[in-house]
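Undergrad: After the sequence you'll find the predicted model.
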Amino acid sequence: MRYVFKKILSSIITLFIVSLLVFVAFALIPGDPALSRLGTNATESALASLRHQMGLDKPLMVRYFIWLGSALRGDFGTSYSYSMSVTSMIADKLPITVTLMIYSLLLMIVISVPLGVYASYKEGTLIDRIIQIINQIVMAIPPFFSGILITLFFGMILRIFTPGGFVSISKNAVGFFGFMFFPSLAIALPKSAMVLNLLYSSLNGEKKKDYVRTAYSRGNRSKTVFFGHMLKNASIPTITFLGMALADIIAGSIIIEQVFGIPGLGRILLTSIQNRDYPVVIAIIMLVAVVVIICNLAVDIIYRIVDPRVEENT
Amino acid sequence: MKKQKKMNFNIILGCILLAITLIPALIGLVWTPYDPQKMDSSLKLAGSGIRHIFGCDNFGRDIFSRIMSGSGITVMIAVGTVALGSILGTVIGAFTGYFGGLIDEALMRINDVALAFPSLLLALVMVSLLGTGKYQVMLALGIAFIPSYARIVRSEYIRIKNLDFVKAARLAGAGDLRIMFVHILPNTKTVLLSSVMIGFNNAILAEAGLSFLGIGVQPPDASLGRMLSEAQSYMFVNPGYVLFTGATIVMIILGFSLISKEIG
């Protein structure tokens, strides 16, 4: 329990440091948000009053704590280019991106775990070789190219789905989940190849360990040893990797949303970067940071449950 | 014996893939069959043929020439990124690992966060701070890559700094800087080499990703990611454009990962 508490505390401190760094970095960018909103021929007094209204005339640290205070209450300020609340802009699009992420995480596990276990179980056979070769190639495909290939194959050759034909969940739930399968697959494929590779090599590493030989010599059948003993030990690095992969899935979904024309968080992030709409950019980055840090926390805790040997001070 | 044979096969295949992609890229720096920027409306989205072996894009530009010069830019950015990231990362890792203390603690905390962040997103933040263009992308990615090198080098320094040969060097009167960069650094080269190879792949992927999103390399420069995003709009008319460009990226990455798998 003490371990969990310590981990949570250190995550909160980390999050605090990130928010400070991000906020200061964006505040130091040359350029005046008030000027870009009013245009170059605005009068000096209009600029000054807008700066006052946006709180830009206060010192940097004061601005940071005001921002932090309202961010903790869920208010990330107002978008420069759309003059609407950042929180509502994000809340609108968040479910789409979250669906994409969970979908691809599930696909990733469904694809990689059975194949990795099967390939390791059949180590050295032809089928193992074939899985390895395909895996090596898939690993080299960047997510946006896998997205394009999937669009070409399923959209143009098989004509199973309409490229760019995104429907919102409120209009057509079946159509939404049907459409989201393909972008999720595009994100999941290259990542599954990595998980497969990791699971495969850690399973093969376990095969040479003493406890496996002991288990065999006690007369256990090979299936029992493989699934009962080795799989549990080999799953530890895989769990860690899955936790870290979630961060990559977020990055992947930003790109894949562009390939498939999905109006999710990635699209707002990109337009905000191009429009220099910093409150939105900061809010999305902080959101990702929170997700990433919570995932790492969860991985640490799960790790300890699966493997109680992990020491207190790690 | 059997393992030896397989290892050579992977390295040979990796070298072949890299030769196919990187030699044209190098030649592309000085010569291309056609001017990669020259537009010809009569050749709009022409398919593969004898004169234009990969066909032409939506402006009638020769795709083969564009891939040659585009992979040159992509590889150049990757080299710059890895050089910047690995040199600065090595210096930071060396100092923090060797001296430890409060600065080490603080830097490693920041490092942990930076590492947990997807590198593409870190690069996105950097690009929004620095602006777009090929040098900005190089700088942005280089900075985004520092943490991973710093962490690897730091743990190597922590492992090596208490070994006997370092103590012997110190007894012989070597100063801290000399121990750090003359005695310890050469011993980190195996670890550093394999992470440079992996870093190269990540840099190519990240550059292609940024340019694909339209916030990396800007026209008239062509990079593979940029071309892929242009090609995507025409993939139903001229699938060759997308496929040849994408295949080039896949071959470069596959080549590097096959080689680094054996070296690492």
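TA: Perfect, I can see it now.
Undergrad: which SS state does the closest residue to A:L269 other than its chain neighbours fall under?
TA: Nearest non-adjacent residue to A:L269, counting by Cβ to Cβ, 6 or more residues apart in numbering or on different chains: A:I284, 4.9 Å away. For glycine as for every other residue, the C-beta is placed from the backbone atoms N, C-alpha and C. Under DSSP: H, G, I helix; E, B strand; the rest coil, A:I284 falls in the helix class.
Undergrad: Next up, the contacts around A:I284.
TA: By Cβ atoms under 8 Å, 6 or more residues apart in numbering or on different chains, A:I284 lies in contact with A:I90, A:L265, A:I268, A:L269, A:S272.
Undergrad: for the helix or strand harbouring A:I256, packing partners?
TA: Assigned by DSSP states H and E, A:I256 belongs to helix A:231-260. The contact analysis (3 or more Cβ pairs under 8 Å, 6 or more residues apart in numbering or on different chains; DSSP states H and E) places helix A:231-260 against helix A:86-121, helix A:143-150, helix A:173-207, helix A:265-275, helix A:278-306, helix B:119-130, helix B:189-212.
Undergrad: 6 Å instead, please
TA: Counting contacts by 3 or more Cβ pairs under 6 Å, 6 or more residues apart in numbering or on different chains; DSSP states H and E, helix A:231-260 is packed against helix A:86-121, helix A:143-150, helix A:173-207, helix A:265-275, helix A:278-306.
Undergrad: which of the ones you listed sits most buried?
TA: helix A:143-150 (a mean of 25; mean count of other Cβ atoms under 10 Å in any protein chain shown).
Undergrad: Any part of it near chain B?
TA: Yes: applying Cβ under 6 Å from any Cβ of the partner chain, one finds helix A:143-150 in contact with chain B at A:F144, A:F145, A:I148.
Undergrad: returning to what we had before: from the contacts of A:I284, pick the one nearest chain B.
TA: Distance to chain B, by Cβ to the nearest Cβ, is smallest for A:L269 among the contacts of A:I284, at 7.2 Å.
Undergrad: any low-confidence regions in chain A?
TA: Along chain A, the model assigns pLDDT under 70 to residues A:30-32, A:36-40, A:310-314.
Undergrad: That should have said chain B, apologies.
TA: In chain B, residues with pLDDT under 70: B:1-7, B:43, B:45, B:49-50, B:264.
Undergrad: In it, which helix is the longest?
TA: helix B:63-99 (DSSP state H).
Undergrad: So for the helix or strand following that one, what gets flagged as buried?
TA: Tracing the chain past helix B:63-99, the next element assigned as helix or strand by DSSP H and E is helix B:101-116. Buried residues in helix B:101-116, counted by 16 or more other Cβ atoms under 10 Å in any protein chain shown: B:D104, B:L107, B:M108, B:N111, B:D112, B:V113, B:A114, B:L115, B:A116.
Undergrad: Identify the farthest-apart pair in those.
TA: Spatially, the most separated pair among the buried residues of helix B:101-116 is B:D104 and B:A116, at 18.5 Å (Cβ to Cβ).
Undergrad: For B:L205, which non-adjacent residue is spatially closest?
TA: A:P142 (5.2 Å).
Undergrad: Equivalent analysis for A:L105, please.
TA: Setting aside the residues directly before and after it, A:L105 is nearest to A:I249 in space (Cβ to Cβ, 6+ apart), at 6.3 Å.
Undergrad: And the one you found, how close does it get to A:P190?
TA: According to Cβ to Cβ, to the nearest Å, A:I249 and A:P190 sit 11 Å apart.
Undergrad: now the residue of the stretch 1-150 of chain B found nearest chain A: how far from A:G252?
TA: Relative to chain A, the nearest point of the stretch 1-150 of chain B is B:P118 (3.5 Å; Cβ to the nearest Cβ). The gap separating B:P118 from A:G252 is 8 Å, by Cβ to Cβ.
Undergrad: between those two, who's got more neighbours?
TA: Shown here are B:P118 and A:G252; by other Cβ atoms under 10 Å in any protein chain shown, A:G252 has more neighbours (30 against 23).
Undergrad: In this structure the more buried one contacts A:L185, no?
TA: No: using Cβ atoms under 6 Å, A:G252 is not in contact with A:L185, being 11.4 Å away.
Undergrad: circling back: could you dump the residues of helix A:143-150 next to chain B to JSON lines with distance to B:F165?
TA: What follows is the residues of helix A:143-150 next to chain B, written out as JSON lines (distance: Cβ to Cβ, whole Å):
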{"residue": "A:F144", "distance to B:F165": "48"}
{"residue": "A:F145", "distance to B:F165": "47"}
{"residue": "A:I148", "distance to B:F165": "53"}
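Undergrad: If we only consider the residues you listed, which is nearest to chain B?
TA: Distance to chain B across the residues of helix A:143-150 next to chain B (Cβ to the nearest Cβ) is lowest for A:F145, with 4.2 Å.
Undergrad: Now the closest one. Nearest residue, chain neighbours left out?
TA: Take A:F145 and drop its neighbours on the chain: the residue closest to it by Cβ to Cβ, 6+ apart is B:G246, 4.2 Å away.
Undergrad: count of residues packed around that neighbour?
TA: If you count neighbours by other Cβ under 10 Å, B:G246 ends up with 25.
Undergrad: got a list of contacts for the helix or strand in which it is found?
TA: Element membership of B:G246, judged by DSSP H and E, is helix B:239-263. The contact list for helix B:239-263, computed with Cβ atoms under 6 Å, 6 or more residues apart in numbering or on different chains, reads A:140-141, A:145, A:148, B:7, B:10-11, B:13-14, B:17-18, B:21, B:48, B:54-55, B:57, B:63, B:67, B:71, B:194, B:197-198, B:200-201, B:204, B:208, B:224, B:227-228, B:231, B:235.
Undergrad: residues in the stretch 1-150 of chain A within reach of chain B, list them.
TA: Residues of the stretch 1-150 of chain A lying near chain B (Cβ under 6 Å from any Cβ): A:T14, A:V18, A:I29, A:A140, A:I141, A:P142, A:F144, A:F145, A:I148.
Undergrad: Any part of stretch B:150-167 near chain A?
TA: No: against chain A, stretch B:150-167 shows no contacts by Cβ under 6 Å from any Cβ, the least distance being 13.5 Å.
Undergrad: The residue nearest to B:L205 and B:A208, how far apart?
TA: For A:P142, the distance to B:A208 - Cβ to Cβ - is 6 Å.
Undergrad: Between those two, tell me which one has more neighbours.
TA: Per other Cβ under 10 Å, whichever of A:P142 and B:A208 has more neighbours is B:A208, with 32 against 25.
Undergrad: Quick check: that one touching B:G225?
TA: Yes: with contact defined as Cβ under 6 Å, B:A208 reaches B:G225; the gap is 3.3 Å.
Undergrad: ok so A:P308 is a strand residue?
TA: No: under the criterion used here (three-state DSSP), A:P308 is coil, not part of a strand.
Undergrad: What does it show for phi and psi?
TA: Taking degrees, to the nearest 10, you get phi -70, psi -10 for the backbone angles of A:P308.
Undergrad: How many residues are close by it?
TA: A:P308, neighbours per other Cβ under 10 Å, totals 8.
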